[in-house]
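>>> Here is my input, please return the structure:
(3 chains)
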Amino acid sequence: MRFFKKTTWAPSLRRLSGLRREEKQEDIMGLTDASGDLAGEMEVDAFRRLFPLRFYERHLLESIRPDARPLGKARDTTMALGAVASADGSALVKIGHTTMLAAIKMEVMTPASESPGEGCIAIDFHMPPICSPLIRPGRPAEAAPVLSKQLTDIILSSEMVDLKELCLIPGKAAWMAYLDIYCLDADGALFDAALLSAVAAFSHLCIPAVSVNDEGRVFAISEEQIEGKSLKEPLNKGKRKLTLSCTPLALTCILHKKYILADPTAEEESIMETLATVVLDMSGRLVSFYKPGGTFLAYTSAVQDCISLTRQRVKELQEILTEAIADLELD
Amino acid sequence: MAGKSSTYSLKKQHRLKKPLFKDLVDWVRPDTRGFHQCRPAFLRTGAVNAASGSAYVEFGSTKVIVSVFGPRESKKAMLYSDIGRLNCNVSYTTFATSIRGQGSDHKEYSSMLHKALEGAVMLESFPKTTVDVFALVLESGGSDLPVVISCASLALADAGIMMYDLVTSVSVSCLGKNLVLDPITEEESYQDGSLMITSMPSRNEVTQLTLTGEWSTPKIHEMARVITTTRWLRPYCDYIEDEGHLRSTCFKLHPELRPKNGRGKPRIAAISEVPFSSGEGGA
Amino acid sequence: MVGLSGGEKHYIQGGIAQDLRTDGRTRLAYRQISVQTGVIPQANGSARVKLGGTDVIASVKAELGKPNYLYPDKGKVAIYVDCSPTAAPMFEGRGGEEFSAELSLALQRCFLGGKSGAGAGINLSSLIVMEGKMCWDLYIDGLVISSDGNLLDALGAAIKAALSNTGIPKVNVAVGASADEEPEVDISDEEFLQFDTSGVPVIVTLTKVGRHYIADATSEEESQMSSALSISVNRHGHICGLTKRGGAGLDPSVILDMISVAKHVSEQLIAKLDSEISAAEVEAE
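As a prediction, this is how the structure comes out:
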């Protein structure tokens, strides 16, 4: 609570204690009037821990969040492409404190018989124990496989990557792109950050130049070899960058009573449980809408509000992405 | 889908050339460093907000993140203990190495990390509870374990865990006639011997030491000299231009900090002020 | 863990300080060593070593395999240790697993040398059958039957004895096989190759109790240790591996001192072990 000075809080806390007297039916932990007075003198941090929902609702009344954001505003977002040199494409994305590291490694495979002209993408989302106090080694996080599945569905169904571009020799060899996303710091809106990092990693991806030997095995060739022309023409000349179309981007919102909170933190997610995730592509088409239950039922107007918030957010993210790519090319 | 079709990673067509430095006395390291020079380093604490303490350390292309959680309640199955427990875990990302791995836990490093730290942490200061030290190697570029250990000690200090001193670690590879400090993966794969040392610099104590390969007596003495003269292992005060402490805790500059009742009092390492001089670790 | 009363602890520590340990030994003396070879007929080589109350078995099994593509001219050696739960209460459950892993790692470090194979106790190049195609894989397994301290030294001695007991079948590679095909081999049942074990080091563990360090500590003495250094030394007095155990830190000068003491102790240990091994071989025949 560095943002608010305690002195400015004293009057509003007093109002809070008054509020409590009117809502006795919601008395938590058998608190009496005396405890209401106690709350009047309570430190802000203690109040936040003891009555988190009240704490938030007081803020929402004033249309502000404890971290000083307006309700519809997402946290600061930064992006760095090429964070991992051992991968073919990688990106580090930070949305507030939430940090995601995505990296793509390209391997060669024999394409499946039903789609001989297509490569493949395998997406895995990891939550290592470093990212959150709730995760211990040996006990994988429940959320990780769910997010893996969602990310796979959205990246494949949005047709961001044309799988035909991943083909090397039809029926013989194609690329398998292993996309691994690691959550380094979990502070809410994991899906948004994971999807953004995946998109960024794909836009950073540079497919290695390869050639094929007599046995039909594909091997990598270095830049000097291409220029020196000591070998035959690389197999995938001019096809080392993927053309990304219809990139999907997401925004998660909390629906709480009549309020909509964009880009929630972990604390907000744990207190107000109804979430809705909207995924739009760059041209504003709806790719996915996901609202997994929750205590609050959304009116269609709320859904529309979520979508329009997402539309703004996608524009922001698009700019950040273009900027990062431009920076990379400058180097 | 991934499981059905078997994939293979690209092998470089020309395998790493057998290094020519084996018999030479003067050769240039692949990254043109001096033999007794560390890679450029970057250290920062407070990398993970969700953790009690954390640090991110980069040595060349070796990138490591360590989070510390706790002290928190020990597992129910644990017996009562009047000292705290240290629980260490080291894992790799799937893309950390040049060939895609499984990203599983590294048991060997986990136990080595535990041994390197247990002597430095004041376990009696958090009885009945556990401090978890989790490390993730984002990218492996050689000397992974020493980097993990140094990073973990920074993270512990960031979490406010009481320690006798910060723990620093470095490894040395023996290549032919030469000793090289802070080896990269390529050098490690051709080494004749290696040595990893973990020490508490202000107390001049070694907490962990491992050695492989054949070492003659003169070589061991040379190695000891290389390691102990490496500047970055020890804090450095620029006020009186001497090693062993930092400017912020220099007694000449701040006489009020001088302990009143003798020496040897444990202190919490002041972590944000640890200086590091990239590539300055020459003998 | 050994439960000791304050008086007993004091007695052990006091004895060490005065160079007269509870069993009458001096600080750097070893307990009685007995070696028995060829105890497991199925293995290519085996040995049982008793060091006071510590009893361990090591076995060597050789199988044909394919060399690592990074080192086409070298065979492979794997060392694993298993601690029987009956050997000591601490080996029950997961404690045993962790301790076994620690011992395996320490032994690998002492016997296998650097990544390039330099300084290895076992000459990996002698294990090659056909370069890049076929080599012998040695599986060295240690089993702890009874534990009374100083397991690492006992296991090291047992492995050394087992290796000198090992005979590897002679392999004849069929001539004329082209470079791409899997070579055809004929494994001889009669001719065996003996190992050159002169380079195999011994392990000397020096346990620091109080200000002094002792060799060949019993488990009672180990419970009083602050830290321990396991140093493997070969016949030429070269250090082949070193592992530190125990939480307490050590001064670098103390470490160098311990290394030179270990070298001195190792000379006696190697001589003693050699005579025991040759006596055991004679007995077996």
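>>> hmm, which helix or strand of chain B has the shakiest average pLDDT?
The helix or strand of chain B with the lowest confidence, counting by mean pLDDT, DSSP states H and E, is strand B:236-237 at a mean of 41.
>>> What lies in contact with the helix or strand containing B:Leu117?
B:Leu117 is part of helix B:107-118, with elements assigned from DSSP states H and E. With contacts defined as CB atoms under 8 Å, 6 or more residues apart in numbering or on different chains, helix B:107-118 is touched by B:86-90, B:133, B:135, B:144-145, B:148-149, B:152-153, B:156, B:167, B:169, B:198, B:207-208, B:210, C:98, C:101-102, C:105, C:244-245, C:247. C-beta: built from backbone N, CA, C; applies to glycine.
>>> That one - what's its average pLDDT?
Average pLDDT, helix B:107-118: 89.
>>> can you pull the buried residues of it?
Buried positions in helix B:107-118, judged by neighbour count with 16 or more other CB atoms under 10 Å in any protein chain shown: B:Tyr109, B:Ser110, B:Ser111, B:Met112, B:Leu113, B:His114, B:Lys115, B:Ala116, B:Leu117, B:Glu118.
>>> So which elements touch the very next helix or strand once past it?
Per DSSP H and E, the first helix or strand lying C-terminal to helix B:107-118 is strand B:129-139. Contacts of strand B:129-139 with other secondary structure elements, assessed using 3 or more CB pairs under 8 Å, 6 or more residues apart in numbering or on different chains; DSSP states H and E, are made with strand A:173-185, strand B:62-73, strand B:85-92, helix B:107-118, helix B:144-158.
>>> any idea how far C:Val233 lies from chain A?
To chain A, C:Val233 is 37 Å away according to CB to the nearest CB, to the nearest Å.
>>> What about that residue, how many residues nearby?
Neighbours of C:Val233 under the rule other CB atoms under 10 Å in any protein chain shown: 25.
>>> just A:Ile260 next, same as before
Other residues close to A:Ile260 by other CB under 10 Å number 18.
>>> give the contact list for it.
A:Leu71, A:Gly72, A:Cys253, A:Ile254, A:Ala302, A:Asp305, A:Cys306, A:Leu309.
>>> again, but for C:Val81
Here C:Val81 is in contact with C:Ser100, C:Leu103, C:Ser104, C:Leu107, C:Asp141, C:Gly142, C:Leu143, C:Val144, C:Leu155 (CB under 8 Å, 6+ apart).
>>> ok, now C:Thr243?
If you count contacts by CB under 8 Å, 6+ apart, C:Thr243 has them with B:Leu209, B:Thr210, B:Leu211, C:Leu105, C:Ala106, C:Arg109, C:Cys110, C:Leu229, C:Ser230.
>>> That one: helix or strand, and which one exactly?
Here C:Thr243 is assigned to strand C:239-245, by DSSP H and E.
>>> For the helix or strand just after that strand, list every residue counted as buried.
Following strand C:239-245 in sequence order, the next helix or strand is helix C:252-284 (DSSP H and E). Buried residues in helix C:252-284, defined by neighbour count with 16+ other CB under 10 Å: C:252, C:254-255, C:258-259, C:261-263, C:265-266, C:269-270, C:272-274, C:276-277, C:280-281.
>>> For chain B, tell me which of those residues show up nearby.
C:Pro252, C:Ile255, C:Ile259, C:Lys263 (CB under 8 Å from any CB of the partner chain).
>>> pLDDT added to these, as a markdown table?
Conversion of these to a markdown table gives the following (pLDDT from 0 to 100):
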| residue | pLDDT |
| --- | --- |
| C:Pro252 | 81 |
| C:Ile255 | 87 |
| C:Ile259 | 89 |
| C:Lys263 | 90 |
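>>> on that earlier part again, compare the contacts of A:Ile260 and tell me which is most surrounded.
Busiest of the contacts of A:Ile260 [other CB under 10 Å] is A:Cys253, holding 30 neighbours.
>>> Could you tell me whether that one really is in a strand?
Yes. Per DSSP: H, G, I helix; E, B strand; the rest coil, A:Cys253 lies within a strand segment.
>>> Test my guess that it contacts A:Thr274.
No. With contact defined as CB atoms under 8 Å, A:Cys253 does not count as touching A:Thr274 (9.3 Å).
>>> All the helices of the stretch 151-283 of chain B, in order from the start?
Under the criterion DSSP state H, counting those that start in this stretch, the stretch 151-283 of chain B carries helices at the ranges B:185-189, B:217-228.
>>> Actually, the stretch 51-200 of chain C.
C:94-112, C:151-164.
>>> For chain B, what's the nearest residue on the stretch 201-331 of chain A?
Here the residue of the stretch 201-331 of chain A nearest chain B is A:Ala220; by CB to the nearest CB that distance is 4.0 Å.
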